[in-house]
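Trainee: make a model of this:
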Amino acid sequence: MLKACLKEQQQLAAIRESVKTEEEEKQKSKESKQSEESKSELDHDFEGGFGGQEALEDRYVMALLTLFELEVY
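Mentor: Numbering: from 1, shown residues only. Below is the predicted model:
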């Protein structure tokens, strides 16, 4: 009886360890995926993915405002 109880305790400990390991691997995978996504967002920090089209439009508008000496408030 004592041997069976000891064996069960060992099996439960092994199961707990395997579950803990699986959870740690899932967490690492999730963190890795999140860091890749955030890195990807930083790589594409412009509207529409056209290589700075928004900045180009802003410069164009500023040039027109300067040309016509308009004030924007």
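Trainee: okay, CA-based contacts and neighbour counts for the rest of this
Mentor: Noted.
Trainee: what about residue 16, which helix or strand?
Mentor: Using DSSP states H and E, residue 16 maps to helix 2-43.
Trainee: tell me how far residue 32 lies from residue 24.
Mentor: 12 Å (CA to CA, to the nearest Å).
Trainee: and residue 36, how many neighbours?
Mentor: Using other CA atoms under 10 Å, residue 36 has 12 neighbouring residues.
Trainee: tell me where the model's unsure across this structure.
Mentor: Along the chain, the parts satisfying pLDDT under 70 run over 37-52, 70-73.
Trainee: contact partners for the spatially most central residue of it?
Mentor: With distances taken as CA atoms, centre = their mean, residue 34 lies nearest the centre of the chain, 2.6 Å away. Not one residue lies near residue 34 by CA atoms under 8 Å, 6 or more residues apart in numbering.
Trainee: any idea how far it is from residue 21?
Mentor: Residue 34 sits 20 Å away from residue 21, going by CA to CA.
Trainee: try residue 57
Mentor: 52 Å.
Trainee: likewise residue 30?
Mentor: To residue 21, residue 30 is 14 Å away according to CA to CA.
Trainee: how about residue 58?
Mentor: In this view, residue 58 and residue 21 are 52 Å apart by CA to CA.
Trainee: what does residue 55 give?
Mentor: From residue 55 to residue 21 the distance is 48 Å (CA to CA).
Trainee: same question, residue 13
Mentor: Per CA to CA, residue 13 is found 12 Å from residue 21.
Trainee: also residue 53?
Mentor: According to CA to CA, residue 53 and residue 21 sit 47 Å apart.
Trainee: same question, residue 65
Mentor: For residue 65, the distance to residue 21 - CA to CA - is 62 Å.
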